[in-house]
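**Student:** Structure for this input, please:
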Amino acid sequence: MQTHNKKRIEMIVEAPLEGRLVRLLEDLKVKGYTIVSAHAGQGLEGSWRRSGLVGDAGHMIVLICIVDPARSDELVKRLHDFMENRIGIINIADVTVIRDEHF
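**Tutor:** Numbering: from 1, shown residues only. Next up is the predicted model:
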């Protein structure tokens, strides 16, 4: 079985940013992504929980995409610029996939 090296980019951001992030990924021709709801966590400002919040204010999501390493620098730069004055984190990891054509 052949494997292929890729970059996994994961972001935890406020839910109201979802639409703008999706448009950014589409503009950069990212082939796929996954968005999941974050229910609770802890950060510099302390602990937080989704339960009890009204609307999307304070609601966090996790956006995950896997891209070819040759494209990751541009994507990470654009995401960093987007997040510069917003709440959230971005992490990047090396991953190995078995279906190269998906990314």
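**Student:** I64 - how many residues pack around it?
**Tutor:** By the measure other Cβ atoms under 10 Å, the count of residues near I64 is 13. C-beta here means a position set from N, CA and C on the backbone, and glycine is covered the same way.
**Student:** just checking, next helix/strand downstream of the lowest-mean-pLDDT helix or strand in the chain?
**Tutor:** Across the helices and strands of the chain, mean confidence by mean pLDDT, DSSP states H and E is lowest for strand 46-49: a mean of 68. Following strand 46-49 in sequence order, the next helix or strand is strand 60-67 (DSSP states H and E).
**Student:** Neighbouring strands - and their directions - for that following strand?
**Tutor:** Take DSSP bridges as the rule and strand 60-67 pairs in its sheet with strand 4-14 (antiparallel), strand 34-38 (antiparallel).
**Student:** Return the most buried member of those.
**Tutor:** Most buried of the strands paired with strand 60-67 by mean neighbour count (mean count of other Cβ atoms under 10 Å) is strand 4-14; its value is a mean of 18.
**Student:** what is the mean pLDDT for that one?
**Tutor:** Mean pLDDT, strand 4-14: 96.
**Student:** In stretch 29-49, which residues are buried?
**Tutor:** Within stretch 29-49, the residues that qualify as buried by neighbour count (16 or more other Cβ atoms under 10 Å) are 30, 33.
**Student:** can I get the CA coordinates of that stretch in PDB?
**Tutor:** What follows is stretch 29-49, C-alpha atoms only, in PDB (Å, rounded to 0.1, in the frame of the first residue of the first chain):
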ATOM      1  CA  LYS A  29      -9.600  25.400  -4.000                       C
ATOM      2  CA  VAL A  30      -9.300  23.200  -0.900                       C
ATOM      3  CA  LYS A  31     -11.000  19.900  -2.000                       C
ATOM      4  CA  GLY A  32     -12.600  19.100   1.300                       C
ATOM      5  CA  TYR A  33     -13.000  20.000   4.900                       C
ATOM      6  CA  THR A  34     -15.000  19.000   8.000                       C
ATOM      7  CA  ILE A  35     -16.600  21.300  10.500                       C
ATOM      8  CA  VAL A  36     -17.800  20.000  13.900                       C
ATOM      9  CA  SER A  37     -19.300  21.700  16.900                       C
ATOM     10  CA  ALA A  38     -17.100  22.200  20.000                       C
ATOM     11  CA  HIS A  39     -19.000  21.600  23.200                       C
ATOM     12  CA  ALA A  40     -16.500  22.700  25.900                       C
ATOM     13  CA  GLY A  41     -12.900  23.700  26.500                       C
ATOM     14  CA  GLN A  42     -10.400  25.700  28.300                       C
ATOM     15  CA  GLY A  43      -8.100  28.400  27.100                       C
ATOM     16  CA  LEU A  44      -6.300  31.600  28.200                       C
ATOM     17  CA  GLU A  45      -9.700  33.100  29.400                       C
ATOM     18  CA  GLY A  46     -10.600  30.000  31.400                       C
ATOM     19  CA  SER A  47     -13.200  27.300  30.900                       C
ATOM     20  CA  TRP A  48     -16.200  27.600  28.600                       C
ATOM     21  CA  ARG A  49     -19.200  25.400  27.800                       C
END
